[in-house]
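Asks: Fold the following, please.
(chains A, B and C, ligands or ions: 5)
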Amino acid sequence: MSYKAKFKVWRGEGGEGKLEDFTVEVNEGEVVLDIIHRLQATQAPDLAVRWNCKAGKCGSCSMEINGKPRLGCMTRMSTFTEDETITVTPMRTFPVIKDLVCDVSFNYQKAREVPSFTPPADVRPGEYRMKQIDVERSQEFRKCIECFMCNNVCHVIRDHEENKPAFSGPRFLMRIAELDMHPYDVADRKESAQKDHGLGYCNITKCCTEVCPEHIKITDNALIPMKERVVDRKYDPLVWLGSKIFRRPSS
Amino acid sequence: MEIERHEYDVVVIGAGGAGLRAAIEARQQGKRTAIVCKSLFGKAHTVMAEGGAAAAMGNVNSDDNWMVHFRDTMRGGKFLNNWRMAELHAKEAPDRVWELEAWGALFDRTKDGKISQRNFGGHEYPRLAHVGDRTGLELIRTLQQRVVALQQEDYETHGDYEAYIKVFAECTVTRLLKDGDAISGAFGYWRETGNLVLFDAPAVVLATGGIGKSYVVTSNSWEYTGDGHALALLAGAKLINMEFIQFHPTGMVWPPSVRGILVTESVRGDGGVLRNSLGERFMFNYIPEVFKDKYATTEEEGDRWYTDQANNRRPPELLPRDEVARAINSEVKAGRGSPQGGVFLDVSTRLPAAEIIKRLPSMHHQFKELADVDITTEPMQVGPTCHYIMGGVEVDADTGAAAVPGLFAAGEVSGGMHGSNRLGGNSLSDLLVFGRRAGAGASAYVDSLPSRPAVSQESVDSARAEALAPLERSGENPYEVHAELQRTMNDLVGIIRKASEISEALEVVEKLKERVHLVGAAGGRIYNPGWHLALDLRNMLLVSECVAKAALLREESRGGHTRDDFPGMNPEWRRKLLVCSATEDGSAVTVEEKIQPGMREDLLALFEVSELKKYLTDEELS
Amino acid sequence: MTQTTPEPQVRRQRAQVKVRTFRTDRWWLAPLLTFLGLASFLVYGVWAVFDPSIYIEPYIAPFSSPCLAEATCPEGARLFGWAPIGDWYTLPAGLLILGLPGGFRLTCYYYRKSYYRSFWLSPPACAVQEPHGKYTGETRFPLIIQNIHRYFFYGAIVIGAVLTYDAILALIHKPLGVGTWILLINAALIVAYTLSCHSCRHITAGRLNHFSRHPVRYRAWTFISKLNAKHQPLAWASMFSVMGADFYVRLVAKGIINFPYA
Ligand SMILES: Cc1cc2nc3c(=O)[nH]c(=O)nc-3n(C[C@H](O)[C@H](O)[C@H](O)COP(=O)(O)OP(=O)(O)OC[C@H]3O[C@@H](n4cnc5c(N)ncnc54)[C@H](O)[C@@H]3O)c2cc1C
Ligand code: SF4
Ligand code: SF4
Ligand code: FES
Ligand code: FES
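Replies: Ligands and ions are numbered 1, 2, ... in the order given. Okay, the predicted model is just below:
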């Protein structure tokens, strides 16, 4: 069962480029990345696309398919009708190197600005004892395959390039939440989440959650809880008073 | 055009588990370190590993220790393993796993808060540290974040994140450079821009992973073009055990576009059974003589094992991978396969739907998304897929040093550790143990050098010419050459091999070598996948030639090498390694036999004599 | 040997695409429906506050409960018969307490999402360009005030309790009344919505890093987390139920609905 599908693929180098039309064979069970590969093998050998695992595990093949951020290798052709024209474009928030390949260095820069895991100085490897329920929340965030589609879709930087220096994007705000919830992390991350990484820019409109291929509940489980933790620190006199009076060790 | 130059103490090629661990070690020893990798940072093939990392921590069963792990590893490899590597691996794996935890990894936990461990084929006790079915992701992310942590330290002290450790992502190395005998650097190109780059460094650590892309049906990603194997050969190092390739028994077979994608072994570990088109659990017919007393002979006993492992023998679905892969292959050949050319793997009748979704979330997701199959209600179709190469660069067990001074190798690209067959979970721990050792070995080597070897202009010029050649030709499309190589290797040097077929494959490879010199890459230098493939073809062909030549020579069946014309295991052959080497231009590959040194007495003593008799010659036993 | 660094790369740009979105589905439908839903609530709310028919034995309209003003609250409508606000106050009683539930919903994480998307179009839908030139999110005044949501949550607990109390009173006095059951269902939805609040989830145990050391709070958190996953549907259900219940009571009070078991 194969048919000819109509594709529009964005091609170009740097920012310049345009949508090019292709008509290409599609077979049963194929995904969009297969079709891009068929284009490479038959019509456009230098068509650039990034991919590695073709199994939804590495987060390399992020692109926008009919306007929606998707993994090329996990988008089945059967989700489209046969007469539909399928538009494939590179991620919009990041600069384009060529065709579907973006320069995602923004993300690596931001990753470097999040202070690393900071365990207490006196715990040696092999001595860590953590209960499953204490690590589960952070484990959810560690499912992230760094496809950067959440950062791509987030309107704070997608529609406002000028916010990039001030805002680390959902991926790295989630990383901060992951560390803040880690049972052995002793660094204080609340102030810096707000001040250095722009948690306040997020208006919890949940697009990051909608596109995450790992189905991580980024907004509900990371961003909002992190906002609440910042409120504890900065805006909640009751918590502040309580900690002064009872002098509880933070737990 | 000018070539970009960088000076480093240690250049690590590959950013998978092995490469990152090596780089971390080199940096911790104060060496200026570069990490060069073909894909983005954090996307190396290691992310795909699912099951776990084997380390005898004894958290779940306190009887476990390094000696048991060592025995399991040697048995899995059919005693062909480099025993010193197997020993170091078994002893050091727990420390390496614990260290990850101190760098932020979050493994699944036991009740008392330690790292949980799971059962896996060939391991006597629950031994695999894991995180659901995404252990590789956890491992690579932790190492990636450790590299970042070191960079942050450097930023504090030197004001520059990249003062001591820098990642060159999407940068492919095409040649190692030498000064006389010794390594003096590496040469490559940026995928992004097509610009050329030269690393001036006295020590190079290869950690480039495997070769699966020479086969059509494979669980491996595009990176696995055997680059490290080829680079080492061309630099004068030797490869061993190249005939041993692990075919994972369960890869997806349908739809065609996902053929080969892995179906994790945990499916069988959690109760999945294999059936042919007649509905028979055929594995009961394939229990080999050496394992007769360890596996259940009736379905009832096999089924009881899942709940009571102490009093029952395990079901034959959990035989080592090579046995299961061969069995599936025979069933399909005998006409008892599934409609799309595999066999049925069924958990739907074995576990309640909710339990399946809980234990095998990503398998459920994978089949649903990619094949429209709901594994909670219908069986999967599976067949063998090329998964792992046991062979690789011959290295010194303690330091990871190859025969060429200054060249080191670790991870899948190195050979010896796994013998003729790798146990599941032993690779991730291998990456950590020998990654660290190679990093330390390279650092010590750099310290011992009286002066830095120099990069000669000639060698740079010829590497440059070689790299740019395909762009200057307008010949055949490289995709066609690649497709033909994959088909050839798959059909003729696959799971079951015959002298006549291997010879045929060698002829085809010879012809393809001619054609590679003619392939052209249309388009410019910026991110041009056609050009990249044209360059990778050299490596795939070299490696394929080694595999085929070694496979032709080894006249026995052992682990990942099965000869239809020599079905049995032969103790004489156990002592022999097949060693590949190549001429400097890669035009000719030679394979020679070499005798393995005998195992140390104290290690031999860990086994029962009756067991050793199955593997060793009488002469060795006496 | 000298070290040469890579030549400064040409400043790379994003793909120059003029269209707002390539989405082909009906992405505008959800914000439109949200807009209509929220707008109808606003319109109804304004009307309800100024509508005087707030009480008919034993029902009190939820929008006006607790009724605290001497001048405008009928005898039976007062909470425990108590009206702390003297008769100098002659405006509708609902205005006094409106701020609490109103503020609660206004600063609710879910409602914020829905009105940022449907009223402010920031963004109207995912991967659809928003029409504004600048954006600072909740980093500065006035939107930084959203951070006080948890205080409204404390207040909302009180309101939830009062509505439950009202419904139970109605149950005692008129167990078979349709209105009683409407008030009961409404109270249940309001309480469920209130408990499913993100601030509530944070307060129960979300702020802790060691669940295992606080087993009771962890159990509570697990329960609240399950409710919290349904926060959006609960927000809509409780919004329509409070509107419906309020309207029903007023219709009965006005005598428009008039049958023995009303
Ligand atoms: C689907 C799947 C599941 C698996 N599950 C398990 C498991 O559960 N347990 C287990 O122990 N093992 C498992 N394995 C095996 C294991 O994952 C691999 O053997 C291991 O990850 C190899 O790691 P590595 O560090 O050697 O190389 P890789 O992680 O593959 O890294 C190779 C690196 O080298 C770089 N590279 C390659 N060529 C060049 C070049 N020319 N120039 C520059 N850079 C280059 C690549 O970009 C990459 O960064 C699995 C394998 C697969 C395919
Ligand atoms: S929820 Fe916040 S971080 Fe996520 S896409 Fe929306 S604004 Fe961005
Ligand atoms: S959080 Fe999800 S969407 Fe964001 S980078 Fe990770 S996997 Fe991708
Ligand atoms: S190729 Fe790895 S996620 Fe698509
Ligand atoms: S009520 Fe919605 S989050 Fe608090």
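
Asks: Least confident secondary structure element in chain A?
Replies: None of the helices or strands of chain A scores lower by mean pLDDT, DSSP states H and E than helix A:237-246, at a mean of 68.

Asks: What about residue 7? Give its phi and psi, please.
Replies: This is for chain A. Torsion angles at A:F7 (phi, psi; degrees, to the nearest 10) stand at phi -120, psi 150.

Asks: wrong one, I was asking about chain B
Replies: phi -110, psi 130.

Asks: With B:R5 instead?
Replies: phi -120, psi 140.

Asks: residues near it, how many?
Replies: When neighbours are defined as other CB atoms under 10 Å in any protein chain shown, B:R5 has 18 of them. Bear in mind the C-beta positions are built from the backbone N, C-alpha and C, glycine included.

Asks: same check, this time on B:K91
Replies: Using other CB under 10 Å: B:K91 sits among 16 other residues.

Asks: So it is in contact with B:V68, correct?
Replies: No: B:K91 lies out of contact with B:V68 (CB atoms under 8 Å); the separation is 11.9 Å.

Asks: got the contact list for residue 83?
Replies: Picking chain A for this. A:K6 (CB atoms under 8 Å, 6 or more residues apart in numbering or on different chains).

Asks: You answered for a different chain; I wanted chain C.
Replies: C:67-70, C:73.

Asks: Most neighbours among those, which one is it?
Replies: Going by other CB under 10 Å, C:C67 tops the contacts of C:A83 with 27 neighbours.

Asks: nearest spatial neighbour of B:P405, skipping sequence neighbours?
Replies: B:A182 (4.2 Å; CB to CB, 6 or more residues apart in numbering or on different chains).

Asks: nearest to B:A353, of the contacts of C:A83?
Replies: Nearest to B:A353 out of those is C:C67 (CB to CB; 52.3 Å).

Asks: Quick check: bridge partners of the closest one?
Replies: C:R78 (DSSP bridges).

Asks: mind exporting stretch A:223-233 as CSV, just the C-alpha atoms?
Replies: The C-alpha trace of stretch A:223-233 is given here as CSV (Å, rounded to 0.1, in the frame of the first residue of the first chain):
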residue,chain,number,x,y,z
LEU,A,223,7.4,24.9,36.8
ILE,A,224,4.4,25.5,39.1
PRO,A,225,5.9,23.7,42.1
MET,A,226,9.1,25.8,41.4
LYS,A,227,7.0,29.0,41.4
GLU,A,228,5.5,27.9,44.6
ARG,A,229,8.9,27.3,46.1
VAL,A,230,9.9,30.8,45.1
VAL,A,231,6.8,32.1,46.8
ASP,A,232,7.9,30.4,50.0
ARG,A,233,11.1,32.2,49.9
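
Asks: Could you confirm whether it reaches ligand 3?
Replies: No: Stretch A:223-233 lies out of reach of ligand 3 by CB under 6 Å from any ligand atom, never closer than 10.9 Å.

Asks: buried residues in that stretch?
Replies: Going by neighbour count (16 or more other CB atoms under 10 Å in any protein chain shown), the buried part of stretch A:223-233 is A:223-233.

Asks: quick check, stretch B:242-261 touching chain A?
Replies: Yes: residues of stretch B:242-261 contacting chain A under CB under 8 Å from any CB of the partner chain: B:254-258, B:261.

Asks: Name the residues of the stretch 351-500 of chain B found near chain A, please.
Replies: B:366, B:369-372, B:477-479.

Asks: Buried members of these into ChimeraX, please.
Replies: In ChimeraX syntax, the buried subset of those is picked out as below (16+ other CB under 10 Å):
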select /B:366,369,370,371,477,478,479
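
Asks: As a markdown table, the residues of the stretch 351-500 of chain B next to chain A with pLDDT, distance to ligand 5 and secondary structure would be great.
Replies: Formatted as a markdown table, those follow (pLDDT from 0 to 100; distance: CB to the nearest ligand atom, whole Å; DSSP: H, G, I helix; E, B strand; the rest coil):
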| residue | pLDDT | distance to ligand 5 | secondary structure |
| --- | --- | --- | --- |
| B:Q366 | 87 | 35 | helix |
| B:E369 | 85 | 32 | helix |
| B:L370 | 86 | 37 | helix |
| B:A371 | 86 | 39 | helix |
| B:D372 | 86 | 37 | coil |
| B:N477 | 87 | 57 | coil |
| B:P478 | 91 | 56 | helix |
| B:Y479 | 90 | 53 | helix |
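
Asks: could you show me where the strands are in the chain, in order?
Replies: The chain I'm using is chain A. Applying DSSP state E to chain A gives strands spanning A:3-11, A:18-26, A:62-65, A:68-71, A:85-89, A:96-98, A:101-102.

Asks: Wait, chain C was what I had in mind.
Replies: C:55-56, C:59-60.

Asks: The residue of the stretch 501-622 of chain B found nearest ligand 4: how many residues sit nearby?
Replies: For the stretch 501-622 of chain B and ligand 4, the shortest gap (CB to the nearest ligand atom) falls at B:P529, measuring 13.6 Å. By other CB under 10 Å, 26 other residues sit near B:P529.

Asks: show me what contacts it?
Replies: Neighbours of B:P529 in contact, by CB under 8 Å, 6+ apart: A:40, A:45-49.

Asks: need the helices for the chain, in chain order.
Replies: Looking at chain A here, since you left the chain open. A:32-42, A:105-113, A:132-142, A:149-153, A:155-158, A:169-180, A:190-195, A:207-211, A:224-234, A:237-246 (DSSP state H).

Asks: look at chain C instead
Replies: C:29-50, C:94-107, C:109-118, C:149-173, C:178-195, C:198-201, C:215-228, C:231-253.

Asks: Show me what the third one is packed against.
Replies: Applying 3 or more CB pairs under 8 Å, 6 or more residues apart in numbering or on different chains; DSSP states H and E, we find helix C:109-118 packed against helix C:29-50, helix C:231-253.

Asks: So which residues make contact with it?
Replies: A:203-206, A:224, C:30-32, C:34-35, C:38, C:105, C:122-125, C:146, C:149, C:198, C:231-232, C:235.

Asks: Report the contact partners of the residue in chain A that chain B sits nearest to.
Replies: For chain A and chain B, the shortest gap (CB to the nearest CB) falls at A:G29, measuring 2.2 Å. Counting by CB under 8 Å, 6+ apart, A:G29 touches A:76, A:78, B:254-258, B:370-372.

Asks: Next, it: phi, psi?
Replies: Per degrees, to the nearest 10, the backbone of A:G29 is at phi 80, psi 0.

Asks: Local confidence estimate at it?
Replies: Confidence at A:G29, expressed as pLDDT, is 87.

Asks: how about the residues of the stretch 1-150 of chain C near ligand 5?
Replies: C:108-110, C:149.

Asks: just these that are near ligand 4?
Replies: Within those, nothing lies near ligand 4 by CB under 6 Å from any ligand atom.

Asks: A:N107 reaches A:C150, doesn't it?
Replies: No: the criterion here is CB under 8 Å, and A:N107 misses it with A:C150 at 10.2 Å.

Asks: hmm, stretch B:436-447 touching ligand 1?
Replies: No: using CB under 6 Å from any ligand atom, stretch B:436-447 never reaches ligand 1; the gap is at least 10.7 Å.
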